[in-house]
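J.: the following comprises the amino acid sequence and a computationally predicted model.
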Amino acid sequence: MPVISTNTAANSAVRYLNMNSADQSSSLSKLASGSRISQASDDAAGLAISTRISSDVTTLTQAATNASHGISVLQTADGGAANISDILQRMKALASQSASGTVTDTERAYIDAEFSQLTDEIDGTATSTRYNGQSLLDGTSSFATGVNVMVGSDASDTIEVTIATLTAEQLGMSSDTATAPTALTGNSTGYTATSDVSFDINGTTVSLSATGGTNSDGVYTAADLVSAINTALGSSSTTQAAVDSTGKLTLSNSATGASAEITLDNFTGSGFSATSLGFTTTSSTGSDAGALSVATQDGATAALDKLDAAINAVSQARADIGATESRFNFRSESIATSIENLDAARSAISDVDVASESAKLASAKVKTQAAVAAASQASQMPQDLLKLLQ
């Protein structure tokens, strides 16, 4: 029914114009942003998933940087450890030279001067090997006790970096405290005296009678030997005998320093010797506080063993550093792969299909133009109806 008070056709045309215009604007927004989801109503579930993936990608990107920093720390530490290893090898060469009988104490003093300087340089290298202001090898940084480096998207995705302390003292090249002699342990649990015998411990004579022992038959158990030795030494002596957990005779000295010793000698009696008591080593000496010295032949000989132990310790530290660095390398590759795959998954969810959306835009544009034309025609309808009154 033709009317002039309500233009139903115009209302319908405007409604479709608004719908088509909204579709056109939506397509333009998606094409301009490159995202299929320009607002939450486009795909609420897809938006939630793509946002979580984007968060993981951002975290993994930082994790890749963290892993790179971890590798840099380890490479820095390994460089310092390599220098310390070179120093120790030079020190071993000097100790070997000093231990040789072809040089005199005068030359040993010259050798010891370089040896002492190199000992100081170990500490200098340990302190000067720094990363981000932290000394890595002197035990003062947090890496000495272990640092967790985050290399993933979860708080549990960490790699612990622990770097050994490689100071001269830690490597046994110097010490702030004197040490006691190493205990001597016999391989026998007793001794049978067929005649009266004796021996000295640190100059004190211990006698074993052919009629001594628990049953007065010359049979001495380890406990009998302990009693005889401790009685001879007296309670004031720092050297004492004991029975170890395996029932063997053990001699120890609680005193420390180079003057502290355990010495077995002056064995008297037919066929009686240190091996009769099961001892293969007859002496042990403590050491004074302070750095190693090669100023004497004995000192140089003792330094060789400690240098071997120090070189082994540095080699172990470098092996641990290399193992951790290898782990970081593999984790870095894993992170790169995860970022690539997550980016692809996010793209599949949120990125706009340009070809498809362009087609939608073209369609919406044509419909919008048609709606505009229809609205224009609908606006003329009341005017046309008024012509009937003329």
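T.: Right, received. Where do you want to start? Since we're looking at a predicted model, the values are computed, not measured.
J.: ignoring the adjacent residues along the chain, who's closest to residue 329?
T.: residue 71 (7.0 Å; CB to CB, 6 or more residues apart in numbering). Glycine gets a C-beta too; all of them are placed from N, C-alpha and C.
J.: tally of neighbours for that neighbour?
T.: Applying other CB atoms under 10 Å, we find 20 other residues in the vicinity of residue 71.
J.: also the one 3 residues further on?
T.: Residue 74 is surrounded by 24 other residues when neighbours are defined as other CB under 10 Å.
J.: can you point out the buried residues in stretch 143-152?
T.: Going by neighbour count (16 or more other CB atoms under 10 Å), the buried part of stretch 143-152 is 143, 144, 147, 149, 150, 151, 152.
J.: where do the strands sit along the stretch 1-150 of the chain?
T.: 130-131, 134-135, 147-150 (DSSP state E, counting those that start in this stretch).
J.: next, the distance between the ends of stretch 123-136.
T.: Using CA to CA, to the nearest Å, one end of stretch 123-136 lies 12 Å from the other.
J.: returning to what we had before: and the buried residues of stretch 143-152 as JSON lines, adding distance to residue 170 and pLDDT?
T.: What follows is those, written out as JSON lines (distance: CB to CB, whole Å; pLDDT from 0 to 100):
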{"residue": "143", "distance to residue 170": "14", "pLDDT": "92"}
{"residue": "144", "distance to residue 170": "10", "pLDDT": "91"}
{"residue": "147", "distance to residue 170": "19", "pLDDT": "93"}
{"residue": "149", "distance to residue 170": "24", "pLDDT": "94"}
{"residue": "150", "distance to residue 170": "29", "pLDDT": "94"}
{"residue": "151", "distance to residue 170": "29", "pLDDT": "92"}
{"residue": "152", "distance to residue 170": "33", "pLDDT": "89"}
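J.: on that earlier part again, got the strands of the stretch 1-150 of the chain as TSV, with distance to residue 266 columns?
T.: Below are those laid out as TSV (distance: least, CB to CB, whole Å):
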stretch	distance to residue 266
strand 130-131	57
strand 134-135	53
strand 147-150	58
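J.: between these, which gets nearest to residue 225?
T.: Closest approach to residue 225 among these (CB to CB): strand 134-135, 51.7 Å.
J.: and that closest one, what does it pack onto?
T.: Contacts defined by 3 or more CB pairs under 8 Å, 6 or more residues apart in numbering; DSSP states H and E place strand 134-135 against helix 105-128.
J.: what packs against the helix it packs on?
T.: Partner elements for helix 105-128 (3+ CB pairs under 8 Å, 6+ apart): helix 44-99, strand 134-135, helix 297-350.
J.: try 10 Å this time
T.: For helix 105-128, the packing partners by 3 or more CB pairs under 10 Å, 6 or more residues apart in numbering; DSSP states H and E come out as helix 44-99, strand 134-135, strand 174-175, strand 290-291, helix 297-350.
J.: kindly provide the whole-number mean pLDDT of it.
T.: Mean pLDDT, computed over helix 105-128, is 92.
J.: can you give me the buried ones in that helix?
T.: Buried-residue list, helix 105-128, by 16+ other CB under 10 Å: 108, 111-112, 115-116, 118-119, 121-127.
J.: ok and it relative to helix 297-350, angle-wise?
T.: Relative orientation of helix 105-128 versus helix 297-350 (axes from the mean of the first three to the mean of the last three CA atoms, to 10 degrees): 20 degrees.
J.: now helix 105-128 against helix 44-99, angle please.
T.: 170 degrees.
J.: in the stretch 101-250 of the chain, where is pLDDT below threshold?
T.: 174-177 (pLDDT under 70).
J.: distance between stretch 295-311 and the chain's centre?
T.: Stretch 295-311 sits 30 Å away from the centroid of its parent chain (CA atoms, centre = their mean, to the nearest Å).
J.: and the residue nearest to residue 329, what does it touch?
T.: Residues near residue 71 by CB atoms under 10 Å, 6 or more residues apart in numbering: 149, 161, 324, 325, 326, 327, 328, 329, 331, 332.
J.: measure residue 219 to residue 206 for me?
T.: 17 Å (CB to CB, to the nearest Å).
J.: more crowded one of the two?
T.: residue 206 (18 against 14).
J.: could you say which helix or strand holds the more buried one?
T.: Element membership for residue 206, per DSSP states H and E: strand 204-208.
J.: elements contacting that strand?
T.: strand 197-201, helix 222-233, strand 261-268.
J.: I would like the residues contacting the longest one, please.
T.: Contacting residues not belonging to helix 222-233 are listed as 186, 188-191, 198-202, 204-209, 212-215, 220-221, 237, 239-244, 246-251, 277-278 [CB under 10 Å, 6+ apart].
J.: the same query, at a cut-off of 7 Å, please.
T.: 189-191, 201, 204-206, 208, 213-214, 239-243, 247-249 (CB atoms under 7 Å, 6 or more residues apart in numbering).
J.: repeat that for the last one.
T.: Contact partners of strand 261-268, identified using CB under 7 Å, 6+ apart, comprise 181, 184, 197-202, 239, 251, 253, 273-274, 279, 282-285.
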